[in-house]
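Trainee: structure here, sequence nowhere to be found:
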């Protein structure tokens, strides 16, 4: 909710019509932006496809020019050039000029086309030129034509076509069939030159082999492209399969006709004529297939542009229809809410003027309809309240007179009651002072009894603590006695260990003695060993002496332990006797504590009873004073009530006049009239 608070504050500052306008604006703007985006995208696609059509329309006459150039090259190299082909080439160039005037700027190919025209103009002066130079000139022109066709395809988006069918048709139309026709014509010319030469050159034969491989590659690539396009668009199969089959058949026949020249055999006299016929058929099939592919490609692009335009029209129609529906519903919503608000506003103004006979028409089932029903319910409740208030006003006016007489009677009774309460209050004050003195003396007795009880409890606690301490000392002495006895037992065990050490020392002395004997019998070699034996014997004697001293010390320790045990037993007996005396003293003190507690409780009960009596007396005195004060206040209140009753009569008259301003009944004309209680109230 914190996020939408700024929006709520902004909307609270606007009228309802402005709120509806803001909501409609922010609802329609995204739809308009989305529609513009979709339409712009479709327009871009239309421009893209239209430019592709420009490429097809421009490349088609260029292919015608290529066909004318190839025919001229064939005629010139065959020796039959009479200039008739020039006119057809110039006519085709005129067609290219017409297309270039319309599309040249869009495709940016005016410069390359002018250069191509200059080269083709130079072909007019080729009479008497050697065949090799003529061949190279025509090759240069055909190469420029092929490059210009590819450039047209690049500048017209044909090479960027995203659709599979049109892309493969474009590739066949631009980069496969025109180069295939040029390769067939060049292969035919080389084969013709080889058949006329008495000694064919190796270079011409190699060029012919390369061209034959290029022809096969281009035919296979064209077939592959057409198959891919037909798989994408099955409608193309019936129209493209036959031209491509003719190209495949004619190129196969041409390659078969030039097989002897490529294999190095001697061609027959009829081989050049068959090769030329096969070449002309293959070139004718290639250009016919190229025309078919060009038409199909142009048809695909036309269909695509039409599809884009149809889609744009549908989008525009849907967007416009949705916009009209949104505007229509928005106007209906605005008018519906406006009528509801105006009807509620008019009725509430009449209610504010006091007319409770009106009703809000329920025009809808939304929140405004619910508000109208609530407003009608509120009017009904006000109608009922005002009617009831009118009746109550008349009753209040009549009761106010009765209340004034009753108040006068209560004023005299309150005066008499006040004097009686004063006498009772003085008597209870004397009784309270006596109870206070008794409570003070009983409190002193209670304090003394509590002090005695506390001292007795402290004495009993101290004696009990003394008994606990004596018990702890007894337990410590008992534990020490056990440890002393254990010390004596361990000292005796040390004696046993010392006996073992003495036995070891005696054995060591015997071993040392035997070692000395062995050393003496060994002579010079046993002197050192004899010295060691003597030292070992001396060490054994020292051990025996030390163990004797330790045994003496242990004997002294055992005597001391025995004396300490006897002394501890005597102390333990004395402590037990003291513990018995302490226990007896504790029991006596406990009995005394019980008696003192009973005495203290009795004194406390007496003190509490006396205090309660004093408190009760004080409360009675306070109550009497309160009653006296209340009676005094009641007397004053009765006098005030008398004056208030007079004011109440005046207020009831004013309220009756105020109630008559509301209209809760209707006359014969349906207009609101005053309340029926108006006359009765007065």
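Mentor: On my side now, so go ahead. The shown structure was predicted, so the numbers you read here are calculated from the model rather than taken from an experiment.
Trainee: C-alpha only now, for contacts and for neighbours.
Mentor: Fine.
Trainee: how about the strands in the stretch 551-682 of the chain?
Mentor: All strands of the stretch 551-682 of the chain, identified by DSSP state E, counting those that start in this stretch, fall at 665-666, 672-673.
Trainee: check those strands for me: which has the lowest mean pLDDT.
Mentor: Looking over the strands of the stretch 551-682 of the chain, mean pLDDT reaches its minimum on strand 672-673, with a mean of 59.
Trainee: which residues does residue 211 contact?
Mentor: For residue 211, the contacting residues are 183-184, 186-187, taking Cα atoms under 8 Å, 6 or more residues apart in numbering as the criterion.
Trainee: tell me which of the residues you listed is nearest to residue 655?
Mentor: Top of the list for closeness to residue 655, among those and by Cα to Cα, is residue 183 at 119.1 Å.
Trainee: which strands and helices sit next to the one helix or strand residue 540 maps to?
Mentor: Under the criterion DSSP states H and E, the helix or strand holding residue 540 is helix 527-659. The contact analysis (3 or more Cα pairs under 8 Å, 6 or more residues apart in numbering; DSSP states H and E) places helix 527-659 against helix 367-522, helix 677-681.
Trainee: lowest average confidence across those helices, which one?
Mentor: Ranked by mean pLDDT, the helices and strands packed on helix 527-659 bottom out at helix 677-681, which scores a mean of 45.
Trainee: distance of residue 75 relative to residue 188?
Mentor: Going from residue 75 to residue 188 by Cα to Cα, to the nearest Å gives 12 Å.
Trainee: and the two? Which one has more around it.
Mentor: Per other Cα atoms under 10 Å, whichever of residue 75 and residue 188 has more neighbours is residue 188, with 26 against 16.
Trainee: could you list every helix and strand that the strand or helix carrying the more buried one packs against?
Mentor: Here residue 188 is covered by helix 177-196, with elements defined by DSSP H and E. Packed against helix 177-196 by the contact rule (3+ Cα pairs under 8 Å, 6+ apart) you find helix 16-78, helix 131-155, helix 202-232, helix 259-263, helix 271-352.
Trainee: do that again at 7 Å, thanks
Mentor: On a contact count with 3 or more Cα pairs under 7 Å, 6 or more residues apart in numbering; DSSP states H and E, helix 177-196 meets helix 202-232, helix 271-352.
Trainee: mean confidence for stretch 46-58?
Mentor: 88.
Trainee: what residues does that stretch touch?
Mentor: 99, 103, 152-153, 156-158, 294, 298, 301, 305, 308 (Cα atoms under 7 Å, 6 or more residues apart in numbering).
Trainee: out of those residues, which one sits closest to residue 239?
Mentor: Distance to residue 239 across the contacts of stretch 46-58 (Cα to Cα) is lowest for residue 294, with 11.9 Å.
Trainee: start to end distance for stretch 518-527?
Mentor: Using Cα to Cα, the gap from the first to the last residue of stretch 518-527 comes to 10 Å.
Trainee: list the buried residues of it.
Mentor: Going by neighbour count (16 or more other Cα atoms under 10 Å), the buried part of stretch 518-527 is 518-519, 526-527.
Trainee: would TSV of those with distance to residue 6 be doable?
Mentor: What follows is the buried residues of stretch 518-527, written out as TSV (distance: Cα to Cα, whole Å):
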residue	distance to residue 6
518	120
519	119
526	118
527	118
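Trainee: from residue 306, how far out is residue 316?
Mentor: For residue 316, the distance to residue 306 equals 15 Å [Cα to Cα].
Trainee: separation between the closest residue to residue 236 other than its chain neighbours and residue 301?
Mentor: With Cα to Cα, 6 or more residues apart in numbering as the measure, residue 230 is the residue that lies nearest to residue 236, at 5.4 Å, once sequence neighbours are left out. Using Cα to Cα, we find residue 230 at a distance of 16 Å from residue 301.
Trainee: got it, and residue 552?
Mentor: The span separating residue 552 from residue 301 equals 132 Å under the rule Cα to Cα.
Trainee: who's more crowded, these two?
Mentor: Taking residue 552 and residue 301 together and counting by other Cα under 10 Å, residue 301 has the greater number of neighbours (21 against 12).
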